[in-house]
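> Fold the following and give me the result.
(chains A, B, C and D)
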There are 2 protein chains.
Amino acid sequence: MSREQRQSWQEIRDRIHGRILSGDFRPGDKLPRDADLAEALGCARSTVQRAMQDLSDSGFVERRRKGGSRVRPDPVTRATLDIPVARKEVESRGSTYGYRLISREVGPPPHAVQAAFGATFSQAMLRVQALHLADARPFILEDRWIVPETVPEALELDVSEVNVNEWLVKHKPYDKLDMRFYAEQAGAERADILGVDPGAALLMIERTTWIDGAPITTVRSSTAPGYQLVSQS
Amino acid sequence: MSREQRQSWQEIRDRIHGRILSGDFRPGDKLPRDADLAEALGCARSTVQRAMQDLSDSGFVERRRKGGSRVRPDPVTRATLDIPVARKEVESRGSTYGYRLISREVGPPPHAVQAAFGATFSQAMLRVQALHLADARPFILEDRWIVPETVPEALELDVSEVNVNEWLVKHKPYDKLDMRFYAEQAGAERADILGVDPGAALLMIERTTWIDGAPITTVRSSTAPGYQLVSQS
DNA sequence: TAGTGGTCTAGACCACCGG
DNA sequence: CGGTGGTCTAGACCACTAT
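Next comes the predicted model:
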């Protein structure tokens, strides 16, 4: 008789994944219960659980309590991006990092900023514009708005010395993050600051963070031409 | 005496995370072993394991066998992107999807394509250029190269009828994916195809996939102005 | 080679949600 | 309300790697 081999959750995942790819399970189909899969595949239920968890994270299946597992009808490709602190990114390229404060002001946020937070805030906010340099050349221009009610210490910061970006990352945890990427042409002013031709295509990165539902900060980063975001693994 | 409450791995994670944020554990510090944390926090080791796994996935800590766990010295913000199949994306916006083949040819790949695969391939490849439409307006222009040795069926496909993009997603699994995003100005030809002004800023998406080390396909997608990539949660 | 994280198992209970 | 996925526990063994 055959002996059951010990199987890793990756093997179990691949076996199930294989049956999806082979058309054995088709998009929209309901999959067997974890317990039944476990028995059929000859492993513990928690191993199936782990495998299905991964398939769910990867976007191949949807899971619902009581509803069971289904093959996701619309395939997606999922990518993970690491956005390091600007200084780290510059240094990892072997360049020398530099930081230059461009402006600091306190005032009412424009509509675009309020929209980023998904609400209307009539209160004044702290705005900081700064330039990250790589070997003394412009690398990223960031335009940041900070909500003083959530981050009162920010008003006291000497932003000409302290890198607000890194200060926030180190001291202000968030539990909600909205991030978006798009392309935009450089206007005259931005082109001048970044040292590029007006109309150059810039990759824009927008980040907005909240903690316990309270808005922390939103930042629009204009990256210099040639900048690329690369997915992990 | 006090009774130990049953704790979820999220609670355990937050307690450890809290000690990192509070400066109790500083960047670069070595954390206690899982077993010690479990005892200190009053839960099973596997619960700590799950919590640390999440902190590792989120980029807060680094884990190494024998080496133990350390607070990651360089903070990163991590974002997950879902890139749906073009048709799904168009339909989810309430628009009508359309597909138009622009060209199909077999020939030697340019250096840029070989570079994407990280190797030199002198063999001929299948190139397919196609346009995805939203309400009859250009949405995404894709320029794809397929390796016939890995995907022999592709040569037989009637690409004027079949959406190669979706065909590959459904039938060709991959185990390695490289994805990158950048901004680029539209040249005259692309501007014409996409129906935009020459010089417009376009968000570019590059995807390259492998299976068992063998290259499958690489595609450069030029998205129409206004296109945004938005992170999940 | 020994220490540490990674995983598997078996069993139990919980939480959500469809019928 | 009952079925299904989600999680916790305790214990054992494995795999990687720092020392």
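> Number of residues surrounding the residue nearest to A:Q7 when sequence neighbours are not counted?
Closest residue in space to A:Q7, ignoring its immediate chain neighbours: A:C43 at 5.2 Å, by Cβ to Cβ, 6 or more residues apart in numbering or on different chains. C-beta here means a position set from N, CA and C on the backbone, and glycine is covered the same way. A:C43 has 22 neighbours, counted by other Cβ atoms under 10 Å in any protein chain shown.
> Let me know the distance separating A:C43 from B:D36.
Applying Cβ to Cβ, to the nearest Å, the value for A:C43 to B:D36 is 30 Å.
> now swap in A:S46 and tell me
The spacing between A:S46 and B:D36, counted by Cβ to Cβ, is 24 Å.
> Tell me which stretches of chain A form strands.
Using DSSP state E, the strands found in chain A span residues A:61-64, A:68-71, A:76-84, A:97-107, A:125-134, A:137-146, A:176-185, A:201-211, A:214-223, A:229-230.
> Tell me the gap between the shortest one and the middle of its chain.
Strand A:229-230 has its average C-alpha position 11 Å from the chain's average C-alpha position, going by Cα atoms, centre = their mean, to the nearest Å.
> The first one now?
With Cα atoms, centre = their mean as the basis, strand A:61-64 stands 23 Å off its chain's centre.
> the domain parsing of chain A - what is it?
A:9-71, A:86-223 (automatic domain parsing).
> I'd like those domains as a markdown table, with mean pLDDT appended.
Shown next, in a markdown table, are the domains of chain A (pLDDT from 0 to 100):
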| stretch | mean pLDDT |
| --- | --- |
| domain A:9-71 | 93 |
| domain A:86-223 | 93 |
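> Tabulate these in CSV, adding columns for distance to B:T120.
Listed next are the domains of chain A as CSV, based on distance: least, Cβ to Cβ, whole Å:
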stretch, distance to B:T120
domain A:9-71, 30
domain A:86-223, 25
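> Those domains: which one's closest to B:K66?
Closest approach to B:K66 among the domains of chain A (Cβ to Cβ): domain A:9-71, 21.7 Å.
> how long is that closest one from one end to the other?
End-to-end span of domain A:9-71 (Cα to Cα, to the nearest Å): 18 Å.
> Check whether that domain comes near DNA strand D.
Yes. Under the criterion of Cβ under 7 Å from any atom of the strand, DNA strand D is reached by domain A:9-71 at A:31, A:33-35, A:45-46, A:49, A:52-53, A:56, A:63-69.
> contacting residues for the residue nearest to the spatial centre of chain A?
Nearest to the geometric centre of chain A sits A:M179, at 5.4 Å (Cα atoms, centre = their mean). Taking Cβ atoms under 8 Å, 6 or more residues apart in numbering or on different chains, we find A:M179 in contact with A:I83, A:I205, A:E206, A:R207, A:T208, B:T77, B:A79, B:V230, B:S231.
> and what of A:K30?
Shown in contact with A:K30 (Cβ under 8 Å, 6+ apart): A:G68, A:S69, A:R70.
> and the last one, how many neighbours?
Same thing as A:R70. Neighbouring residues of A:R70 were enumerated by other Cβ under 10 Å; the total is 16.
> I'd like the distance between it and A:D24.
Between A:R70 and A:D24 the computed distance is 14 Å (Cβ to Cβ).
> try the first one
Here the distance between A:G68 and A:D24 works out to 17 Å (Cβ to Cβ).
> beta partners for A:E62?
The residues listed as beta-bridge partners of A:E62 by DSSP bridges are A:R70.
> wait, isn't it in contact with A:D74?
No. Using Cβ atoms under 8 Å, A:E62 is not in contact with A:D74; the gap is 10.2 Å.
> Identify the residue spatially nearest to A:L168, adjacent ones excluded.
If the residues on either side of it in the chain are set aside, A:L168 comes closest to A:T217, at 6.1 Å by Cβ to Cβ, 6+ apart.
> can you check A:Q49 too?
A:D34 (5.7 Å).
> and the one you found, what does it touch?
By Cβ under 8 Å, 6+ apart, the neighbours of A:D34 are A:R45, A:V48, A:Q49, A:M52, A:S69.
> Kindly provide the distance from it to A:L21.
According to Cβ to Cβ, A:D34 stands 20 Å off from A:L21.
> Around A:G98, count how many other residues there are.
Quick note: A:G98 (other Cβ under 10 Å) scores 16 neighbours.
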